[in-house]
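>>> sequence-free structure coming up:
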């Protein structure tokens, strides 16, 4: 018999019979590949059953899946098949499945349903999931659904929707486990047993004073390991991290990461407990906020493969048109040196190299700076140290690339051309390095998201400077005339 | 008096006296700004005290900080001041501070210490934090430190280090709370009370059979809300997610996100419980894995502002040199059309526009595809649907941009030039869209990280195709001769 308790090293070393191998029930089974994705063969089988109109077969195929996998499957089948698919597995379309769905897919599915049906789903969700379900819908649809809700749910949803988007107020769950200061461990356990039908998850108990101000936090494992007679105020941690209800979700995510929180009390302006945020509601925010920078920097907007084509087009084309503007500026610089290029076509051949490598160097520095700003590592307290650091890296990079391209161009077009392109390269990479860190810092200080706006400006600077430095130096060196 | 229990709406609505405002003790205090970053004035004060050699003042300034903030502060002061700073706050340099430090900064600080000192720190850490501390050090330093450890710690560290880097085995904590199947809720609570000195955090109890195979998971709040006589096997969740000890940390992070896990049992090849991973160890992995794509796509490597300059230089310059190769290919295409450019310098003026906008369009699609692959949204099951989707978005984008640039170029250089550049733009953006999704998919299928290698190829395709389509069409249209 195994004794309860932490696993000792002896237990780990013990040689249990290997014939009883019990593989993980999720990984590498007949439906999942080794990376826990649904196998294409399985998805194909479901789609074929769907096309054949065999609802029973579809149901049987899908029934063993975890809700999160059903959500994945709904995303994997094409948007034209989704309605049919949902109809075939109505019983399996639990609120857990709906909560796990990609925002865009969920929005489309909810729009296809009657308000009463959406309201029935909303009733079963926790406040934060209900808000997530409703917040992206049109104002009109939203109101129609809220009108169908029970008054209590409607009030909870309305009060959450009253907080600005992407704030703690939208994320929080109003069912925080709040207890008064005088309780003992025994009192708490008795209370929890009597009110046993608590369907809401909680990992910590918040101790509040008479004005509902949190005074400390008790992890459940402390409660379980303490004698009944101990007062909660003696085991609770007084040094707690409180989340203001209006805090931006990105900051909330950073707080959870920085202080390794499992849950946190949310407080209103007067410091009273109004709800809790648990870490499982935060992990997708952490992932989204960290992942969106790559998308924003590239100008892909929301960048979700489930986004309707119309929206993907409109967010991306805006960016391309903005870049068209910066490209035209670079073109104007080339046009200014038109006569030089006419005389020496080698300039036209080499000029994109200087601009292109400068652009790459700028993008590198910008990606580093944007990430450092997003993770609160680059702040007002160390800006100049980081600028200086990036400038040194840029000069080292510039010198290396300049030597390579200078020698190659020198061999092909004469040593003067080699010197001109090498110098232009050092200048452009140094400028790119500076722009790559200064532009995002500037946008951050102006209260803008540096990931959104920096790219266009950095690209314009690196392109224009690349053409200007190279063509200008070539003219200055007497390789070609200005007119 | 406030009754224990979940906050009711009445409580929330109740008008508690507002004069007792108790602001959050971490946000917007004298040391933090509104986004919970250390204020530059405060950091300056610390550095001035440090420069003045006033260790007492430094200590007093730092003493009220949370360990995570002390770690931030160490990162914010320059690398040349860190040793002095650490010496001034020796008492405050707790293991929590060291665990929170940036990898690069911690590595540098550990290298400056004697092996015995590092060993003393390692002794106090949980296995996963100890491994994190040691894994980046040189093999030699690592062995010197391990030699100084207690045999038990050394064995735990060695066995964790035996697992490949970035796997569950490195992340897990061997102190999982494992209990046998026959226990009741009361037995468990009694056991925990008797063994009350459990300093290890746990959020779930793992029920194991006689061979140490996990059979179910009990959340602590279920234990607390159930009567003493209930058997654990009656409250536990049997449908659990088990993490194979060799699973890649990126997959572990995706599992935690997908199934909203708070902790998970780690099992060896024969399915026996060997440890647990808790969500607080995963949040920084989620953030890192999601955030690194922006850095990798830009070729900035590790992209950490604390990375030594030498390392930042070597990872970035490799990328620039690779891009130099692709730029030279594009140059060769331009050189092929040298005679045409000599005759019509407008071609040199306009050609970078086509290449540049194509590059942007390719980067957008690539960022979307890389993110979708990383989050398991783009799989073999829907590749062709997504390729088709991206092609449609690209054609829409191409058509829009083509009309704009075609009209502008037509007005300046004649209608034929307008048609040529418009056509070239549509072709290049369509090709860029295809390359932006197909190249990352191809690398993923080859088992490569699509974020690392895709950019160079996509850039080469978009640049070359931009110049080739534009100059080739111009020659074909008879605007300029090929030779």
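Thanks, I have it. As the structure is a computational prediction, the values presented were derived from the model and not from experiment.
>>> which stretches of chain A have low pLDDT?
A:1-28, A:196-199 (pLDDT under 70).
>>> can I see the domain layout of it?
For chain A, the domain assignment from automatic domain parsing gives the residue ranges A:24-166, A:178-297, A:309-476.
>>> the first one vs chain B: in contact?
Yes: in terms of CB under 8 Å from any CB of the partner chain, part of domain A:24-166 sits within range of chain B, namely A:24-27, A:35-40, A:43-44, A:66, A:68, A:72, A:75-76, A:78, A:100, A:102, A:152, A:155-156. To be clear about C-beta, it is placed using only N, CA and C from the backbone, and glycine gets the same treatment.
>>> now list the buried members of those.
A:24, A:26-27, A:36-39, A:43, A:66, A:68, A:72, A:75-76, A:100, A:102, A:156 (16 or more other CB atoms under 10 Å in any protein chain shown).
>>> how about the helices in the stretch 101-250 of chain A?
Taking DSSP state H, counting those that start in this stretch, the helices of the stretch 101-250 of chain A run over residues A:103-112, A:115-124, A:127-135, A:139-148, A:151-161, A:168-171, A:185-194, A:220-225, A:232-235, A:249-258.
>>> tell me which element the nearest residue to residue A:480 once chain neighbours are set aside is part of?
Computed as CB to CB, 6 or more residues apart in numbering or on different chains, the closest residue to residue A:480 that is not its neighbour in sequence is residue A:340, at 3.7 Å. Here residue A:340, judged by DSSP states H and E, is contained in helix A:338-343.
>>> ditto for residue A:330
Applying DSSP H and E as the criterion places residue A:330 in helix A:309-336.
>>> what is the orientation angle of that helix with helix A:103-112?
Interaxial angle, helix A:309-336 versus helix A:103-112 (axes from the mean of the first three to the mean of the last three CA atoms, to 10 degrees): 140 degrees.
>>> so does helix A:309-336 get close to chain B?
Yes: on the criterion CB under 8 Å from any CB, helix A:309-336 is in touch with chain B at A:309, A:312-313, A:316-317, A:319-321, A:323-324, A:327-328, A:330-331, A:334-335.
>>> if we can go back for a sec, which of the buried ones among the residues of domain A:24-166 next to chain B fall within strands?
Judged by DSSP state E, strands contain none of these.
>>> identify the farthest-apart pair in those residues.
The largest separation in those, counting by CB to CB, is between A:39 and A:156 at 40.3 Å.
>>> please name the nearest non-neighbouring residue to residue A:301.
residue A:315 (3.0 Å).
>>> how near is that neighbour to residue B:54?
As judged by CB to CB, to the nearest Å, residue A:315 and residue B:54 stand 54 Å apart.
>>> between the two, which one's more packed in?
Ranked by neighbour count (other CB atoms under 10 Å in any protein chain shown), residue A:315 and residue B:54 place residue A:315 first, with 18 against 14.
>>> who's in contact with that one?
Residue A:315 is in contact with A:300-302, counting by CB atoms under 8 Å, 6 or more residues apart in numbering or on different chains.
>>> out of those, who's the most crowded?
Busiest of those [other CB under 10 Å] is residue A:300, holding 28 neighbours.
>>> that one contacts residue A:316, correct?
Yes: Residue A:300 is within contact range of residue A:316, at 6.0 Å (criterion: CB atoms under 8 Å).
>>> spit out the residues that contact the two alike.
Common contacts of residue A:300 and residue A:316 (CB under 8 Å, 6+ apart): residue B:364.
>>> now, which of the contacts of residue A:315 sits nearest chain B?
Distance to chain B, by CB to the nearest CB, is smallest for residue A:300 among these, at 4.2 Å.
>>> from the residues of helix A:309-336 next to chain B, which would you call buried?
If we count by 16+ other CB under 10 Å, those have these buried: A:312-313, A:316-317, A:319-320, A:323-324, A:327-328, A:330-331, A:334-335.
>>> okay if I get these as a markdown table plus distance to residue A:385?
What follows is these, written out as a markdown table (distance: CB to CB, whole Å):
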| residue | distance to residue A:385 |
| --- | --- |
| A:312 | 40 |
| A:313 | 42 |
| A:316 | 36 |
| A:317 | 39 |
| A:319 | 32 |
| A:320 | 36 |
| A:323 | 32 |
| A:324 | 37 |
| A:327 | 34 |
| A:328 | 37 |
| A:330 | 32 |
| A:331 | 37 |
| A:334 | 37 |
| A:335 | 40 |
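>>> got phi/psi on residue A:54?
The phi and psi values for residue A:54, taken as degrees, to the nearest 10, are phi -90, psi 80.
>>> please tell me how far it sits from residue A:47.
Per CB to CB, residue A:54 is found 11 Å from residue A:47.
>>> ok, now residue A:450?
Residue A:450 is 42 Å from residue A:47, by CB to CB.
>>> who's more crowded, the two?
Taking other CB under 10 Å, residue A:450 and residue A:47 do not tie; residue A:450 has more neighbours (26 against 18).
>>> excluding its backbone neighbours, what's nearest residue A:396?
Distances taken as CB to CB, 6+ apart put residue B:313 closest to residue A:396, at 4.6 Å, once the chain neighbours are dropped.
>>> just checking, the one you found touches residue A:393?
Yes: using CB under 8 Å as the test, residue B:313 is close enough to residue A:393 to be in contact (5.4 Å).
>>> show me what contacts residue A:93?
Taking CB under 8 Å, 6+ apart, we find residue A:93 in contact with A:70, A:86.
>>> angles on the backbone of it, please.
Main-chain dihedrals, residue A:93, degrees, to the nearest 10: phi -80, psi 70.
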